[in-house]
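Asker: model the following, please.
(4 chains)
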There are 2 protein chains.
Amino acid sequence: MAEEIYQLAVDITLKTISGKWKTSILCNLGTAPMRTGELKRRLPGISQRILTKQLKELETDQIIKRKVYPEVPPRVEYCLTEHGKTLRKILLEMSEWGSEHAELQNASGHNYEIIDQNLKGFQDMS
Amino acid sequence: MAEEIYQLAVDITLKTISGKWKTSILCNLGTAPMRTGELKRRLPGISQRILTKQLKELETDQIIKRKVYPEVPPRVEYCLTEHGKTLRKILLEMSEWGSEHAELQNASGHNYEIIDQNLKGFQDMS
DNA sequence: CAGAATCCGCTAAGATACTG
DNA sequence: CAGTATCTTAGCGGATTCTG
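Answerer: Here you go, the predicted model:
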């Protein structure tokens, strides 16, 4: 069995949501199940390989659930698990802190830009 | 001016606390100002270069403050800024989620281990 | 003591082609 | 449509040496 050792509990959470596209994936899966292709369409720039990889990691972490329909052509849907939904509160608070941090830093001569600024992200995940 | 573009606000927070030793640094700086050497002593395995690097990043992000005393040999102390202290609530909640996640995963055949388990980390940062 | 300057290895991520 | 297999690339972290 692979053993994963962390210094602090917070590092586990950090590891779980670290990955270039994971927050965007979780943001998009907030409302409803979604097919792989639709997800890919909503994440401009992601490659097949990376999408599959990050989805599999989230599935291994029991954050999302993968459902395969026995059809041709293949149909696969992903949705948040109940456990995955418990991440929302944390992601929301991280979003709020991040927005404030961006303001503070920009007031100090930095230049942070947030693309999905109006979309609050994790507020109204059902 | 360097421009930093993020998809979501949460990614800013993620970036700020990502770095192999940053959570441990923030955990150790919770209570009081600390000299570089003392910090290094508390982070077994970290190298000079990486310690300096991560401290500088946290300083650039206005999370910690660097104070130099004009002495020989050099004396440098680091402490949390007021803004840095606002991270505590988030880090604490991330710790709690991480602990629960470890339990859930371990119940499913995984093997997560947390070294600083009793030390709750960010609970009693003054 | 604290930090800068090099050099190096590992791994996440990207590009592309292929398969059922 | 969804996923796999290779190959390539960029950046973080580690080891070591040097300096005021």
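
Asker: where is the longest helix in chain A?
Answerer: Assignment by DSSP state H gives helix A:87-107 as the longest helix of chain A.

Asker: ok, whichever helix or strand comes after that one: who's next to it in the sheet?
Answerer: Proceeding N to C from helix A:87-107, the next assigned helix or strand is strand A:112-114, under DSSP states H and E. Using DSSP bridges, the strands paired with strand A:112-114 in its sheet are strand B:4-6 (parallel).

Asker: in the strand it pairs with, what's buried?
Answerer: For strand B:4-6, the neighbour count (16 or more other Cβ atoms under 10 Å in any protein chain shown) marks B:4, B:6 as buried. In this view, the C-beta of every residue, glycine as well, is placed from N, C-alpha and C.

Asker: identify the residues contacting that strand?
Answerer: For strand B:4-6, the surrounding residues in contact (Cβ atoms under 8 Å, 6 or more residues apart in numbering or on different chains) are A:98, A:110, A:111, A:112, A:113, A:114, A:115, B:12, B:15.

Asker: repeat that for 6 Å
Answerer: Residues outside strand B:4-6 that contact it (Cβ atoms under 6 Å, 6 or more residues apart in numbering or on different chains) are A:112, A:113, A:114, B:12.

Asker: could you point out the helix or strand that follows it?
Answerer: That would be, after strand B:4-6 and using DSSP H and E, helix B:9-17.

Asker: the next helix or strand after that next one and DNA strand C, any residue contact?
Answerer: Sequence order places helix B:22-28 as the next helix or strand after helix B:9-17, per DSSP H and E. No: judged by Cβ under 7 Å from any atom of the strand, helix B:22-28 stays clear of DNA strand C, getting no closer than 11.8 Å.

Asker: do helix B:22-28 and DNA strand D come into contact?
Answerer: No: Helix B:22-28 does not reach DNA strand D (Cβ under 7 Å from any atom of the strand); its nearest approach is 7.6 Å.

Asker: got the CA coordinates for that helix in CSV?
Answerer: Taking C-alpha atoms only, helix B:22-28 is exported to CSV below (Å, rounded to 0.1, in the frame of the first residue of the first chain):
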residue,chain,number,x,y,z
LYS,B,22,5.2,27.3,3.6
THR,B,23,2.5,25.8,5.8
SER,B,24,5.1,24.7,8.3
ILE,B,25,6.7,28.1,8.2
LEU,B,26,3.4,29.8,8.9
CYS,B,27,2.6,27.3,11.6
ASN,B,28,5.9,28.0,13.4
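
Asker: what mean pLDDT does that helix have?
Answerer: In this model, helix B:22-28 carries a mean pLDDT of 97.

Asker: wait, residue A:116 sits on residue B:9?
Answerer: No: counting by Cβ atoms under 6 Å, residue B:9 is not a contact partner of residue A:116; they are 8.0 Å apart.
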